[in-house]
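A.B. asks: sequence first, predicted coordinates after that:
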Amino acid sequence: MTDIGIVGLGRMGANIARRLLRAGQSCVVWDRDPAAIAPVVADGARGVDDLDGLVAALAPTRAVWVMLPHGDATEAAIRRLGELLSPGDIAIDGGNTHWKDDIRRAAELRAKGVHYLDIGTSGGVWGLERGYCLMIGGEAGPVARLAPIFAALAPGRGDIPETPRREGRARNVEEGWLHCGGHGAGHLVKMVHNGIEYGMMQALAEGLDLLRHADSPELPEEHRIEVDIADVAEVWRRGSVVTSWLLDLTAAALAEDPDLAKYSGRVGDSGEGRWTVQQAVETAVSAPVLTAALFSRFASRDEGHFAGKALSAMRHGFGGHLEPKKG
Ligand SMILES: O=C(CO)[C@H](O)[C@H](O)COP(=O)(O)O
């Protein structure tokens, strides 16, 4: 494999470049922030000043991996790559783009003979050490060409036991990378992965919240139980049915501070949960857990809290119940 280009050296892109460099793959890297380029160059990449320079520095046939926030930044980079790349080259979007955008872009790039792959990339800030789970959409040819890149980025088999009765299926899946289907399939699978992530996170958070409040003054005294949720999260990591990486991360955070005081309780979102719920509506598939998890994030923001005010107004209206104005 010749050099690969990496565009965007944020939390994900820089470590993707580093993991490839560690595997012996040469990389040409660019970020619009020059300060982000230098540390990756120090780790062995070749830095360039702009996207044009990146494409010029790569030998045909090229592969350029864009790892930018979804939306305008990614769209602009892919559009410019469409102008710069030559027939046979491959443009990759490894971010969290909506899969419908992939279908449109792939058609636009195909008209110029440029291949396009959408790659859902999971592993977060731990990917450098643990590897990245890759969910790939696009034509089989470019996927096969980049197989060594995917193998280097993926976690590998590790110590995960083999799933019985998988004989005859693609081995690379067990190493952590999957060609999910045609254009858009990679980001579709990643979108739903993130929707599931919301649901799992929400379930853990609600369960721990219940235990944290098991000594609530709402309960009669003889029913109040004090629970150390940092220890509960830790013990659940060991052989329980709910073991998971999300639980590992939760246990680590609770060990540091059982009150999680550095967080406000306001939970953001980057869009994939919303798209998952939209997908559920468009396909008439019932997804109540994923939807509730998304809506719970919205509620966490307490912006205006108008619904609560409306409820109080109705309670006041029909029952004379008075609720004090928030202080
Ligand atoms: O893709 C990811 C994890 O798989 C990203 O961390 C993403 O930001 C998570 O989604 P959100 O920001 O909406 O919680």
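C.D. replies: Sure thing, it's come through.

A.B. asks: quick check: closest non-adjacent residue to the residue in the stretch 51-200 of the chain that the ligand sits nearest to.
C.D. replies: The ligand sits closest to residue 122 of the stretch 51-200 of the chain, with a gap of 4.7 Å, by C-beta to the nearest ligand atom. For the C-beta atoms, the positions are set from N, CA and C on the backbone; glycine is no exception. Excluding the flanking residues, the one nearest residue 122 by C-beta to C-beta, 6 or more residues apart in numbering is residue 133, at 4.3 Å.

A.B. asks: using CSV, list the CA coordinates for the lowest-mean-pLDDT helix or strand in the chain.
C.D. replies: When each helix and strand of the chain is scored by mean pLDDT, DSSP states H and E, helix 306-319 comes last, with a mean of 90. Presented in CSV, the C-alpha positions along helix 306-319 are these (Å, rounded to 0.1, in the frame of the first residue of the first chain):
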residue,chain,number,x,y,z
PHE,A,306,-41.9,24.9,29.7
ALA,A,307,-43.6,21.5,29.7
GLY,A,308,-43.1,21.4,33.5
LYS,A,309,-44.6,24.8,33.8
ALA,A,310,-47.6,23.8,31.7
LEU,A,311,-48.1,20.7,33.9
SER,A,312,-48.0,22.9,37.0
ALA,A,313,-50.5,25.3,35.4
MET,A,314,-52.9,22.4,34.7
ARG,A,315,-52.5,20.9,38.2
HIS,A,316,-53.1,24.4,39.6
GLY,A,317,-56.1,24.8,37.4
PHE,A,318,-57.9,21.6,38.2
GLY,A,319,-56.8,20.9,41.7
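
A.B. asks: residues of it that come out buried?
C.D. replies: Across helix 306-319, burial judged by 16 or more other C-beta atoms under 10 Å covers residue 312.

A.B. asks: residues from the stretch 101-250 of the chain in reach of the ligand?
C.D. replies: 122, 124, 194, 197 (C-beta under 6 Å from any ligand atom).

A.B. asks: was I right to think the third one contacts residue 98?
C.D. replies: Read it as residue 194. No. Counting by C-beta atoms under 8 Å, residue 194 stays clear of residue 98, with 11.6 Å between them.

A.B. asks: tell me, how many residues neighbour the residue nearest to residue 122?
C.D. replies: Look at residue 133: counted by other C-beta atoms under 10 Å, it has 18 neighbours.

A.B. asks: can I assume residue 189 sits in a strand?
C.D. replies: No. Counting by DSSP: H, G, I helix; E, B strand; the rest coil, one finds residue 189 to be helix, located in no strand.
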